[in-house]
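**Q** model this:
(2 chains)
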Amino acid sequence: MAPTIHAVVVGGLLWITSPGYVLPVSPEGYAGQLPGAAALVGVAGVASVGGILLARWRPWWAALLPLAPFLLLPWTGWFVWGWFAALVSIASIAALDGLRRALVPTVAAVGVALVYSTSTVHALLPIGPVTSGRQTPAGASATSWLGLDSRVGPVLVAYVVAILAVVGVSWAVGGARRAREARAAAERSEHRAMTVESTAAERARLARDLHDVVAHHVSLVAVRAESAPFQHPTLDPEARTVLAAIAQDARAALGELRQVLTVLQRAEGAAAERAPQPGVTELGALVSDARSAGQVVEVVGAAGDVPAAPGYVLYRAVQEGLSNARRHAPEASVRLEWRRPDGRVGLTMTNLSGQDGPPGRGLLGMRERVEALGGTLHAGRSNGTFVLEVELPVDES
Amino acid sequence: MTTVVVADDQPVVRHGLAAMIGAAEGLEVIGQAADGEELVSLVAATSPDVAVVDVRMPRLDGIGATRRIVATDGTTRVLILTTFDIDEYVYDALRAGASGFLLKDVPAERLVEAVRLVADGSMLLGPQVTRRLVADVAARRGTPTAVPGIDELTAREREVVLAVARGLSNAEIAAELYLGEPTVKSHVSEALRKTRCRDRVQLVVAAYESGLVTPG
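**A** The predicted model follows:
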């Protein structure tokens, strides 16, 4: 129960147990009222409610607020039962966060119960002023507090048991809640760690693959520059010198790329690739492989010419998309639609989605790759259809 | 005339390599292949002396193709060319039976030299690659596998094999063991014959695998 609910409930109790509410219905009128008691009772009620609202943060100080009005007892001979309820309420709220925090309010409540059950003071209840069982003449003084009565024992036991039960139940409820929250927090941080880890792995893989693409390109430059004089024997010596210098530069660049790749390879612990890095030209084979595995794939338009890096990312996107579709809805057909707006290449993949679920790691990785190349990715389900949209800039200069 | 085939999936690279090799005296390019499958049929049809093969090719990669080529009775030797000298490639290529390993972007004269060396069975890996091969074998050191014929080597042949495994050339071995170069050559041929190795590189691999040479 939230402290505000406690505050409202106890506030109601304070109202219906206040002297202004109780004493007029009391059959014998009431002595022992102090002048200005109404104002004091009002202040005490506000302090009690304030104590409840403070209980969560400063339970020990909070307990003092409803406890203070009890100091009036020697003069009034009665107390507002709502003050006591406020103490129990504070003990209960504090117990949610641990028994230690509930110590002072609990002891205070038990103390009040002890005083009440061993004296003739009146507790103001909605039914009227009630004593713990000793009927004393009106105006009984505080000096008779220590007189004991045979009915005192059961009243004290009942009060103490009730207080301890409320505190104990709160403590148990709070413990269960703390355990639940701790579990949820652990799950959250584990999930976060996994996301971070898989994102990092995905980035390392992307970096490796892109460097791989670049290295092959540079290698091509080196071979081309080196072999040009052999393919064109009529080249003049100056051109040969330039080509030799280009080959040398390409070799130097490759040397550095190899070092970068060694680091990335080590970071990822991946096996060395033996197949060429795929690009858009391999998409045809990918689709026909999917078809021969029984998947229905409809292709609209064509990717056209796409440079190696975005080509690689598109290939991976289609690969991931086809395998997701196979996994979630093996029977459904997949539609692959290509667009070539200015300076970009766009792909929309649509397929029926069998089940709802959180996006897989594959999608996470895909987004990572697409965004690394300055592209956009939208993925989502609507009406049982999964739509994946990828758009990448293509530098056509 | 030494006959050569070139396999690479990138046409520009393939043509470039073929041009550089074809321009060299005594070397003739008799065919080109764009993937491993094509290469295997090309080698079966033309039985060239040397196949210059890229590792990363579609359909069948260069290492798989090497294994298939070496498994036949032919005499074709394989020179692996790659963009990356990843240890894994080197080791797998040599285990598959490749006779040499070279980076694609080497200058033309080194490429031609490598093809010639592979053709006469005396291609050695560069000292860098040999060192890494040793480290790799050390990392995988388990129980040595029996290599048939290694026990039949004479003490002298053993010495020569050990020197070959250290990456020495015939001339260097001759100087070190106070032998004539023709004698070293005949010891090497004898060792090759006994261990049924195709060339010196395979002899080095056999030496490591049999435990004759222990890395370190």
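**Q** May I have stretch A:201-215 exported as PDB, CA atoms only?
**A** Coordinates of each C-alpha in stretch A:201-215 appear next as PDB, following Å, rounded to 0.1, in the frame of the first residue of the first chain:
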ATOM      1  CA  ALA A 201      30.700  -8.100 -31.700                       C
ATOM      2  CA  GLU A 202      28.500  -7.000 -34.500                       C
ATOM      3  CA  ARG A 203      30.600  -3.900 -35.000                       C
ATOM      4  CA  ALA A 204      33.800  -5.900 -34.900                       C
ATOM      5  CA  ARG A 205      32.400  -8.200 -37.500                       C
ATOM      6  CA  LEU A 206      31.200  -5.300 -39.600                       C
ATOM      7  CA  ALA A 207      34.600  -3.600 -39.400                       C
ATOM      8  CA  ARG A 208      36.300  -6.800 -40.300                       C
ATOM      9  CA  ASP A 209      34.100  -7.400 -43.300                       C
ATOM     10  CA  LEU A 210      34.300  -3.900 -44.600                       C
ATOM     11  CA  HIS A 211      38.100  -3.900 -44.200                       C
ATOM     12  CA  ASP A 212      38.100  -7.200 -46.000                       C
ATOM     13  CA  VAL A 213      36.100  -5.700 -48.900                       C
ATOM     14  CA  VAL A 214      38.500  -2.700 -49.000                       C
ATOM     15  CA  ALA A 215      41.600  -4.900 -48.900                       C
END
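**Q** right, is that stretch up against chain B?
**A** Yes. Contact of stretch A:201-215 with chain B (CB under 8 Å from any CB of the partner chain) involves A:Ala215. Bear in mind the C-beta positions are built from the backbone N, C-alpha and C, glycine included.
**Q** tell me the contacts of whichever residue of chain B sits closest to chain A?
**A** Closest residue of chain B to chain A, CB to the nearest CB: B:Gly16 (3.2 Å). By CB atoms under 8 Å, 6 or more residues apart in numbering or on different chains, the residues touching B:Gly16 are A:Val223, A:Arg224, A:Glu226, A:Ser227, A:Ala228, A:Phe230, A:Gln231.
**Q** The fifth one and A:Thr241, how far apart?
**A** In this case it means A:Ala228. 12 Å (CB to CB, to the nearest Å).
**Q** and the two? which has more neighbours close in?
**A** A:Ala228 (20 against 11; other CB atoms under 10 Å in any protein chain shown).
**Q** My understanding was that the more buried one contacts A:Leu243; is that so?
**A** Yes. Counting by CB atoms under 8 Å, A:Leu243 is a contact partner of A:Ala228 at 5.0 Å.
**Q** what is in contact with the two at once?
**A** Common contacts of A:Ala228 and A:Leu243 (CB under 8 Å, 6+ apart): A:Leu235.
**Q** Setting aside sequence neighbours, what's the nearest residue to whichever residue of chain A sits closest to chain B?
**A** Nearest to chain B, among the residues of chain A, is A:Ser227, at 3.2 Å (CB to the nearest CB). Ranked by CB to CB, 6 or more residues apart in numbering or on different chains and with sequence neighbours excluded, the top spatial neighbour of A:Ser227 is B:Gly16, at 3.2 Å.
**Q** isn't there a helix covering that neighbour?
**A** Yes. Per DSSP: H, G, I helix; E, B strand; the rest coil, B:Gly16 lies within a helix segment.
**Q** for the helix or strand containing A:Ala94, what is the average pLDDT?
**A** Element membership for A:Ala94, per DSSP states H and E: helix A:81-95. The pLDDT scores in helix A:81-95 average 89.
**Q** Point out the other helices and strands that it packs with.
**A** helix A:3-16, helix A:37-54, helix A:59-67, helix A:103-117, strand A:122-125, helix A:152-231 (3 or more CB pairs under 8 Å, 6 or more residues apart in numbering or on different chains; DSSP states H and E).
**Q** Centre of the chain to the first one, how far?
**A** This points to helix A:3-16. Helix A:3-16 sits 32 Å away from the centroid of its parent chain (CA atoms, centre = their mean, to the nearest Å).
**Q** Counting by contacts, list what that helix packs against.
**A** Partner elements for helix A:3-16 (3+ CB pairs under 8 Å, 6+ apart): helix A:37-54, helix A:81-95.
**Q** Pick the most buried one from those.
**A** When these are scored by mean count of other CB atoms under 10 Å in any protein chain shown, the highest mean neighbour count falls to helix A:81-95 (a mean of 28).
**Q** now it against helix A:103-117, angle please.
**A** Going by axes from the mean of the first three to the mean of the last three CA atoms, to 10 degrees, helix A:81-95 is angled at 150 degrees with respect to helix A:103-117.
**Q** got the angle between helix A:81-95 and helix A:3-16?
**A** 170 degrees.
**Q** Could you look up the SS state of B:Val32?
**A** Not Val; residue B:32 is Gln. Per three-state DSSP, B:Gln32 ends up strand.
**Q** Around chain B, which positions in the stretch 151-300 of chain A sit nearby?
**A** Residues of the stretch 151-300 of chain A lying near chain B (CB under 8 Å from any CB): A:215-216, A:219-220, A:222-224, A:226-228, A:230-231, A:247, A:250-251, A:254, A:258, A:261, A:265, A:271-276, A:282.
**Q** ok, back up a step: need the contact list for the residue of chain A closest to chain B.
**A** B:His15, B:Gly16, B:Leu17, B:Ala19, B:Met20, B:Ala108.
**Q** Isn't A:Arg335 up against A:Ala325?
**A** No. Under the criterion of CB under 8 Å, A:Arg335 makes no contact with A:Ala325, lying 9.9 Å away.
**Q** Identify the contacts common to those two.
**A** Counting by CB under 8 Å, 6+ apart, the shared contacts of A:Arg335 and A:Ala325 are A:Met349, A:Asn351.
**Q** looking at this, B:Ala51 is in a helix?
**A** No. The assignment for B:Ala51 (three-state DSSP) gives strand, which keeps it out of a helix.
**Q** quick check, distance from stretch B:21-38 to the centre of its chain.
**A** So, by CA atoms, centre = their mean, the centroid of stretch B:21-38 is 17 Å from its chain's centroid.
**Q** Just the C-alphas of the longest helix belonging to chain B, formatted as PDB.
**A** Criterion DSSP state H: the longest helix present in chain B is helix B:181-195. Written as PDB, here are the backbone C-alpha positions of helix B:181-195 (Å, rounded to 0.1, in the frame of the first residue of the first chain):
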ATOM      1  CA  GLU B 181      75.500 -28.700 -54.100                       C
ATOM      2  CA  PRO B 182      74.700 -31.600 -56.400                       C
ATOM      3  CA  THR B 183      75.000 -33.900 -53.400                       C
ATOM      4  CA  VAL B 184      72.500 -31.900 -51.400                       C
ATOM      5  CA  LYS B 185      70.200 -31.900 -54.400                       C
ATOM      6  CA  SER B 186      70.400 -35.700 -54.600                       C
ATOM      7  CA  HIS B 187      69.800 -36.100 -50.900                       C
ATOM      8  CA  VAL B 188      66.700 -33.900 -51.200                       C
ATOM      9  CA  SER B 189      65.400 -35.900 -54.100                       C
ATOM     10  CA  GLU B 190      66.000 -39.100 -52.200                       C
ATOM     11  CA  ALA B 191      64.100 -37.700 -49.200                       C
ATOM     12  CA  LEU B 192      61.300 -36.600 -51.400                       C
ATOM     13  CA  ARG B 193      61.100 -40.000 -53.000                       C
ATOM     14  CA  LYS B 194      61.100 -41.900 -49.700                       C
ATOM     15  CA  THR B 195      58.500 -39.700 -48.100                       C
END
